[in-house]
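Participant: pasting the structure only:
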């Protein structure tokens, strides 16, 4: 316990006396944490844009006129049981007719032809949304299959618009997967390069103390007694940088929220505030781990004597 | 206490120690003399296991120092006090903290540290420099601080490697007197130096080295 207390105290004293070296290390950790916060915000923008696109895609099953509602409901229940399906909404033939009339209210010949027929020529529909765009094909295959769940459905289904929309769905799917992959690779690249740069900055700050590490070992200090204060110093870099970076992003996201919400499709200030605790935890943990692990690794090289 | 058994050390193209064999008994004051590059520092590094011999073995009592692992090595070094030509003080610590660090390393309590540090600094005439950093002290003061650090844990052996190399004659004399006093109190002292006046003032066993070899091992006669 006394040892731990001494290590922590020494870490704080070293940080205080480090002066410009400590300040340089804090600035570098700030840069790395800024990259991480920026990535979190960009991911939020990316996922919100992808959600908007995904919500615009659906598949509609058109039923024959007079198809039994109980059969349609049975099929709806079967579809809802599929893990890929996010929602299935039913529109009765009457509602379909009403919507058709509303949509064509200015199209006199069409409305006149409809009145001429006298009865409702439109069947009910089921509108299906899946959790992922790539899963629409599975739904189309499910409907075509000889599955017991859909047996008897073929005589009530007129057609589905999946094959009409297939090309668009596939293209959107490719764009979304590509954007995600690119986002992941970009994140990976930025995080790794930021970590390497921070590690090297901390390594340089410890390099200055290289000789002193040797002296500490020669006077009989244990490895932990030598390494501990450097790790505490690293943790201090992390904590101070986390607090500064979170304060810095407050006005930045406020400005983005005020001026860029339309362009980005997401109010970043609202997002920042509503996810603040989560972001704070990620940044604080990243900052501390970055400082502590970098210091641990950097000191190791000079300790093996 | 210390036994070198056919120790050689090769640095790529230079032979720093060449088949060195000698022993030192507890309580001795041994001066190791020779020109720069004769192998004095390499020899002291071998005792601290700060360097590894190419051949041969070095014993501290019955311990083969180069077979020690991390914890054993730490324990060995706590039994030895070291003084260097360039002082090797911790520059971002005050005089008090430099001594306290060595005491903390061996697990002394805060109370012992608070009592002993001012006392040992008084002994080396640095009582007024307690809270000064090494950079605020003269060369002689820094070396006295290094000696205070070396003796604070009452080691069995003091190794002083060219402790007067950077000092003027007055400070040199003071340092030698301090080392002699430490030896009088029963601590074994190994003093590596190339300074003839220092050797003359010590008047003890002298091991002379040249090109990594021991060429003479004599009791000094004034």
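Facilitator: Perfect, I can see it now. On a predicted model such as this, the values are computed, not experimentally measured, just so you know. Residues are numbered from 1 along each chain as shown, chains lettered A, B, ... in the order given.
Participant: going forward, measure contacts and count neighbours with C-alpha atoms only.
Facilitator: Will do.
Participant: Number of residues surrounding residue A:165?
Facilitator: 13 (other CA atoms under 10 Å in any protein chain shown).
Participant: Which strand or helix spans it?
Facilitator: Element membership for residue A:165, per DSSP states H and E: helix A:162-207.
Participant: Okay, buried residues for the helix or strand in which residue B:183 is found please.
Facilitator: Under the criterion of DSSP H and E, residue B:183 resides in helix B:169-184. Buried residues in helix B:169-184, counted by 16 or more other CA atoms under 10 Å in any protein chain shown: B:171-173, B:175-176, B:178-180, B:182-183.
Participant: Against residue A:195, how distant is the residue most central in space within chain A?
Facilitator: With distances taken as CA atoms, centre = their mean, residue A:43 lies nearest the centre of chain A, 5.1 Å away. Look at residue A:43 and residue A:195: by CA to CA, to the nearest Å, they are 19 Å apart.
Participant: Around chain A, pick out the residues from chain B.
Facilitator: B:48, B:50, B:71, B:74-78, B:80-82, B:88-90, B:92, B:102, B:104-107, B:150 (CA under 8 Å from any CA of the partner chain).
Participant: if we go to 10 Å?
Facilitator: B:48-51, B:70-71, B:73-82, B:87-93, B:98, B:101-110, B:149-150, B:153 (CA under 10 Å from any CA of the partner chain).
Participant: Selecting buried members of those residues in ChimeraX, what would you type?
Facilitator: Restricted to buried positions by 16+ other CA under 10 Å, the ChimeraX selection for those reads:
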select /B:48,49,50,73,74,75,76,77,78,79,80,81,82,87,88,89,90,92,93,98,101,102,103,104,105,106,149,150,153
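Participant: So which of the residues of chain B next to chain A are in strands?
Facilitator: B:80-82 (DSSP state E).
Participant: Where is pLDDT lowest across the buried residues of helix B:169-184?
Facilitator: Comparing pLDDT over the buried residues of helix B:169-184, the lowest score belongs to residue B:171 (82).
Participant: In contact with the residue located most distally from the centre of chain A, which residues?
Facilitator: Most distant from the centre of chain A: residue A:116, at 53.3 Å, with distances by CA atoms, centre = their mean. By CA atoms under 10 Å, 6 or more residues apart in numbering or on different chains, the contact list for residue A:116 reads residue A:110.
Participant: Pull up the gap between it and residue A:109, please.
Facilitator: Residue A:116 sits 10 Å away from residue A:109, going by CA to CA.
Participant: so residue A:133 touches residue A:52, yeah?
Facilitator: No. With contacts counted by CA atoms under 10 Å, residue A:133 stays clear of residue A:52, the gap being 11.9 Å.
Participant: The two: who's more crowded?
Facilitator: Comparing residue A:133 with residue A:52 by other CA under 10 Å, the one with more neighbours is residue A:133, at 22 against 12.
Participant: Quick one: low-confidence residue ranges for chain B.
Facilitator: Within chain B, the ranges that satisfy pLDDT under 70 run B:219-222.
Participant: Specify the beta-bridge partners of the residue most central in space within chain B.
Facilitator: The structure's chain B has its C-alpha centroid closest to residue B:159; by CA atoms, centre = their mean the separation is 1.9 Å. Note on residue B:159: beta-bridge partners by DSSP bridges are residue B:82, residue B:190.
Participant: Next to chain B, which bits of the stretch 101-250 of chain A? Give me the list.
Facilitator: Checking the stretch 101-250 of chain A against chain B by CA under 10 Å from any CA, the hits are A:209, A:211-223, A:225-226.
Participant: ranges for the strands of the stretch 1-150 of chain A?
Facilitator: In the stretch 1-150 of chain A, the segments counted as strands under DSSP state E, counting those that start in this stretch are A:59-63, A:85-91, A:125-130.
Participant: how many degrees apart are the first one and helix A:162-207 in direction?
Facilitator: In this structure, strand A:59-63 runs at an angle of 160 degrees to helix A:162-207, with axes from the mean of the first three to the mean of the last three CA atoms, to 10 degrees as the basis.
Participant: Excluding chain neighbours, give the residue nearest to residue A:124 in space.
Facilitator: residue A:93 (4.1 Å; CA to CA, 6 or more residues apart in numbering or on different chains).
Participant: and the gap between that neighbour and residue A:253?
Facilitator: Noted for residue A:93: a distance of 48 Å to residue A:253, by CA to CA.
Participant: For stretch B:85-96, measure first residue to last.
Facilitator: With CA to CA as the measure, the first residue of stretch B:85-96 is 21 Å from its last.
Participant: Centre of the chain to that stretch, how far?
Facilitator: What separates the centre of stretch B:85-96 from the centre of its chain is 15 Å, taken as CA atoms, centre = their mean, to the nearest Å.
Participant: Stretch B:55-71 now?
Facilitator: With CA atoms, centre = their mean, you get 18 Å for stretch B:55-71.
Participant: Please parse chain A into its domains.
Facilitator: A:2-53+A:174-303, A:65-155 (automatic domain parsing).
Participant: tell me, which of those is the model least confident about?
Facilitator: If you rank the domains of chain A by mean pLDDT, domain A:65-155 sits at the bottom with a mean of 83.
Participant: Quick check, pLDDT for the residue nearest to residue A:63 when sequence neighbours are not counted.
Facilitator: The shortest distance from residue A:63 to any non-neighbouring residue, by CA to CA, 6+ apart, is to residue A:157 (4.4 Å). At residue A:157, the pLDDT value in this model is 82.
Participant: For residue A:157, which residues are in contact?
Facilitator: Residues in contact with residue A:157 (CA under 10 Å, 6+ apart) are A:61-65, A:67, A:72, A:123-125, A:143.
Participant: is it possible to export the residues you listed to JSON lines including distance to residue A:294 and neighbour count?
Facilitator: Shown next, in JSON lines, are these (distance: CA to CA, whole Å; neighbours: other CA atoms under 10 Å in any protein chain shown):
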{"residue": "A:61", "distance to residue A:294": "58", "neighbour count": "20"}
{"residue": "A:62", "distance to residue A:294": "61", "neighbour count": "20"}
{"residue": "A:63", "distance to residue A:294": "64", "neighbour count": "25"}
{"residue": "A:64", "distance to residue A:294": "67", "neighbour count": "19"}
{"residue": "A:65", "distance to residue A:294": "70", "neighbour count": "15"}
{"residue": "A:67", "distance to residue A:294": "68", "neighbour count": "17"}
{"residue": "A:72", "distance to residue A:294": "62", "neighbour count": "20"}
{"residue": "A:123", "distance to residue A:294": "66", "neighbour count": "22"}
{"residue": "A:124", "distance to residue A:294": "64", "neighbour count": "24"}
{"residue": "A:125", "distance to residue A:294": "60", "neighbour count": "23"}
{"residue": "A:143", "distance to residue A:294": "56", "neighbour count": "20"}
